[in-house]
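Student: predicted model and sequence below, questions to follow.
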Amino acid sequence: MVNIIGFDIGGVNLKGAFVSYSSKEIQSLEVCSKFYPMWLHPLDQFPKVLRALMKTLARKRSIDAIGITMTAEVSDAYRTKVEGVTHILSTFSKLEPRIIKKVISTRNKFISIEEALQDYLAIASANWVATALFMGKRIPKCILVDIGSTTTDIIPISNGVPDTKGKTDTDRFLNGELFYTGALRATIPSIVHKVPLRGKLCPTSFEKFALAADVHLLLDHIAQAEYTCETADGRGKTKPEALARLARIVCADTNLLSEQEIYSMATYIYERQLDQIRESMIQVLETHEGYDLTTPVVVTGLGAEFLAKKAAEQMKFRKVINLEQELGHQGALAAPAAAIAILLAEELEGTH
């Protein structure tokens, strides 16, 4: 039996998974997540927050190893990626120094913290690698679509390993493998510049008046408890408050617009968000040989059903699988953390 913690250190959410693994099987999987915009907190608070997460996950159980992946280095908490990677990994190296720590890399394998510090681009924003390697062991040829609160990853997988043209965020942008839209934090101007109103397409404000989370809350795609990011106006997360925020994108309010008008705007924004996701999926199909509508699509993340699966179904993919089948609902929401813990457990089990 090995007990492993996997950490996915995001710029907005810190996610962890505790896995007990024995005889090539997952005995238990527990996850936790903390909304923690790195740029809003002093960097010297990070070690304390990390220790608290580790304590929550492990409770009083022993820990054999810690697997690490991150995307926080790209946030403006840091001036450069190397600064972010160095700070995050240095914090981990001082945390329980006797525990083995490994970092997932775009080489499709774990490397030590020391190696990662020498080749920071190999591990920067590589959390998608963990999920893809985990899925590749189960479905060697597929397309993984992971839509979280902020971003969409579209990862072709072949022979059990990621088959991406890009390794860095920028290169994956260029190849359609990464797109900045998500279930919660996408701003409305990042999705649309106009919305239908009173028989016309009305231009929208470019202010951050509302978020995709407001759209998906109104359309019952997410529950209020799943609205885990901060609201655009600092007010609550009820539907009346979401209606008020969405009305503001056309510089109106709920006294000036009817609920039906605002709901029509929400539906239109949702449809355009699906258009964006399909465009990226089409780009991946067109630029990666050997993938077509017969290739299984695996969806995960908060937007798995109403964004990833919906877009795949609109494209007429023949088989769409939710990663929940492998990791359960909570595990799928923290897929990179869970995946990295399981992968490290599989690697280490033979040595215990």
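Tutor: Received the coordinates, thanks.

Student: the helices in the stretch 251-352 of the chain, which residues?
Tutor: Using DSSP state H, counting those that start in this stretch, the helices of the stretch 251-352 of the chain run over 259-287, 310-314, 324-333, 335-348.

Student: what does the shortest one contact?
Tutor: Translated: helix 310-314. Residues outside helix 310-314 that contact it (CB atoms under 8 Å, 6 or more residues apart in numbering): 145, 274, 277, 278, 281, 297, 299, 320. Every C-beta, even on glycine, is put in place using the N, C-alpha and C of the backbone.

Student: out of those residues, which end up buried?
Tutor: 145, 274, 277, 281, 297, 299, 320 (16 or more other CB atoms under 10 Å).

Student: distance to residue 203 and pLDDT for the residues you listed - can I get that in CSV?
Tutor: Output for the buried ones among the contacts of helix 310-314, formatted as CSV (distance: CB to CB, whole Å; pLDDT from 0 to 100):
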residue, distance to residue 203, pLDDT
145, 31, 98
274, 21, 98
277, 23, 98
281, 28, 97
297, 35, 98
299, 33, 98
320, 35, 98
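
Student: just the closest of the contacts of helix 310-314 to residue 23, please.
Tutor: residue 299 (29.3 Å; CB to CB).

Student: so that closest one bridges to which residues?
Tutor: Taking DSSP bridges as the rule, residue 299 bridges to residue 145, residue 322.

Student: any idea how far residue 291 is from it?
Tutor: 15 Å (CB to CB, to the nearest Å).

Student: ok, residue 114 next?
Tutor: Counting by CB to CB, the gap from residue 114 to residue 291 is 37 Å.

Student: which one of those two is surrounded by more residues?
Tutor: The residue with more neighbours, out of residue 114 and residue 291, is residue 291; 20 against 10, by other CB atoms under 10 Å.

Student: so the more buried one touches residue 283, yeah?
Tutor: No. Using CB atoms under 8 Å, residue 291 is not in contact with residue 283; the gap is 11.4 Å.

Student: list residues touching both of the two?
Tutor: Going by CB under 8 Å, 6+ apart, no residue sits against residue 291 while also sitting against residue 283.

Student: just the strands from this structure, written as ranges.
Tutor: In the chain, the segments counted as strands under DSSP state E are 2-9, 13-22, 25-35, 65-70, 100-104, 110-112, 142-147, 152-158, 161-162, 178-179, 194-197, 200-203, 297-300, 320-322.

Student: to residue 242, which of these lies closest?
Tutor: So among the strands of the chain, strand 194-197 is nearest, using CB to CB, at 14.9 Å.

Student: buried residues in that closest one?
Tutor: 195, 197.

Student: who does it touch, helix- and strand-wise?
Tutor: strand 200-203, helix 259-287 (3 or more CB pairs under 8 Å, 6 or more residues apart in numbering; DSSP states H and E).

Student: how about these, which one is nearest residue 168?
Tutor: helix 259-287 (16.6 Å).

Student: and that closest one, what does it pack against?
Tutor: Going by 3+ CB pairs under 8 Å, 6+ apart, helix 259-287 lies up against strand 142-147, strand 152-158, strand 178-179, strand 194-197, helix 212-218, helix 239-248, helix 310-314.
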